[in-house]
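Asker: What follows is a predicted protein model with its sequence.
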Amino acid sequence: MNTFKFGEDVSDSAWLAQLGECGLLKASFVPPEPVRHLRDLTRYRTALTVERSREAQRLEKELEDAGIKISSVATDILGVSGRAMLTALIEGEDDAQVMAEMARGRMRSKIPAWSRPSPATSVSTTRSCAACT
């Protein structure tokens, strides 16, 4: 029995009041105070996590606009290694080797790869193919 239609708020509220007087409305669930407090804290934590991610993305974009591609080296630019590199940048450090030595944990294994040119950017002039000769 669907008697509700859009734009009839006054008549709908009168109808709901009449149903309530007759005891035909089911009471809504209101959780106890501790559960409500826990839900509020969970929502707040989720909002903080989203805001932290948004700020990290904003920082990464600002660095890329300045020509600093730290995210290609550190997957988490707000991690221990990323924060150390950001601090060094703020203090004026521009030596890539010094910055690479700030890597911690799993990033340390990537240091040798940082020092050699990537295959996409390096071009060998000594190699020749059969079509070129």
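Answerer: That came through, no problem.

Asker: element containing the residue most central in space within the chain?
Answerer: Closest residue to the average C-alpha location of the chain: Ser53 at 3.2 Å, with Cα atoms, centre = their mean. Taking DSSP states H and E as the criterion, Ser53 maps to helix 33-65.

Asker: swap in Ala88?
Answerer: According to DSSP H and E, Ala88 maps onto helix 80-90.

Asker: then that helix to CSV, C-alphas only?
Answerer: The C-alpha trace of helix 80-90 is given here as CSV (Å, rounded to 0.1, in the frame of the first residue of the first chain):
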residue,chain,number,x,y,z
VAL,A,80,59.8,7.5,6.7
SER,A,81,62.0,7.7,3.6
GLY,A,82,59.8,10.1,1.8
ARG,A,83,59.6,12.5,4.8
ALA,A,84,63.4,12.4,5.2
MET,A,85,63.8,13.3,1.5
LEU,A,86,61.3,16.1,1.8
THR,A,87,63.1,17.5,4.8
ALA,A,88,66.4,17.4,2.9
LEU,A,89,64.7,19.2,0.0
ILE,A,90,63.4,21.9,2.3
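
Asker: hang on, the earlier thing: who are the packing partners of the helix holding Ser53?
Answerer: Identification of packing neighbours for helix 33-65 by 3 or more Cβ pairs under 8 Å, 6 or more residues apart in numbering; DSSP states H and E yields no helix or strand. The way it works is simple: take the backbone N, C-alpha and C, and place the C-beta from them, glycine included.

Asker: so how far is that helix off the chain centroid?
Answerer: Chain-centre distance of helix 33-65: 9 Å, with Cα atoms, centre = their mean, to the nearest Å.
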